[in-house]
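Visitor: next come a sequence and a model predicted from it.
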Amino acid sequence: MGKYDDIISLPHPVSKTHPPMPRAERAAQFSSFAALTGYEEIVAERARLTETRAELDRDALEALDEKLRAVAAEIDARPELELRYFVPDKKKAGGRYETIRGCVKKIDGQAGLLILTDGKKVPLGDIVSIEKL
C-alpha cells in the first residue's frame, strides 16, 4: 500500500467563499521577477566607451601657452576662440573631448580657468587646442 492511497481518489477541494482565480492571474504569480535589479544599467555603463586623456609633449604645451598669452593680451577685445578640451568622466576612468566656440571674458590664472562670455568655464589644464576665429 502506497503512502497517499488514502487521499489519491478524493475530489480536489474548492472554496465555497472564494471564487477561483482566473488563469491569467494565477500564471502571473509564478512569472519571473527582477532578481537582478539594476543589472541592465550596470551592463550599459560598462559598455559605454570613454577616451584616454592624451598627454601633450613639451612643444605642444609651449605652443598652447603662447596662444593663451596672445589671448590674454587682447582680452579686452573679447577674442572669439574654438577650444578643444578634455572632460573627465564622473563614473569611470577616462572621459571625452569636447569642442566649443565662444568669446573669452576672462583668464583666471589663480583658479586655472578660462571663462567665456556665456558663463562656460574651461579648466586651463584640460585644454588641448586653441584656434582663434
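Guide: On my side now, so go ahead.
Visitor: any chance you could map the helices in this structure?
Guide: Assigned helices in the chain, in chain order: 23-28, 39-47, 58-73 (criterion: DSSP state H).
Visitor: in TSV: those helices, plus mean neighbour count, mean pLDDT and distance to Tyr4.
Guide: Backbone N, C-alpha and C define where each C-beta goes, glycine included. Formatted as TSV, the entries for these read as follows, by neighbours: other C-beta atoms under 10 Å; pLDDT from 0 to 100; distance: least, C-beta to C-beta, whole Å:
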stretch	mean neighbour count	mean pLDDT	distance to Tyr4
helix 23-28	9	80	24
helix 39-47	9	86	42
helix 58-73	12	93	84
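Visitor: among those helices, which is nearest Leu124?
Guide: The closest of these to Leu124 is helix 58-73. By C-beta to C-beta, the value is 7.3 Å.
Visitor: helices or strands up against that closest one?
Guide: Packing partners of helix 58-73 (3 or more C-beta pairs under 8 Å, 6 or more residues apart in numbering; DSSP states H and E): strand 95-108, strand 127-132.
Visitor: could you dump these to a markdown table with mean pLDDT?
Guide: Supplementary listing: the helices and strands packed on helix 58-73 in a markdown table, determined by pLDDT from 0 to 100:
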| stretch | mean pLDDT |
| --- | --- |
| strand 95-108 | 94 |
| strand 127-132 | 93 |
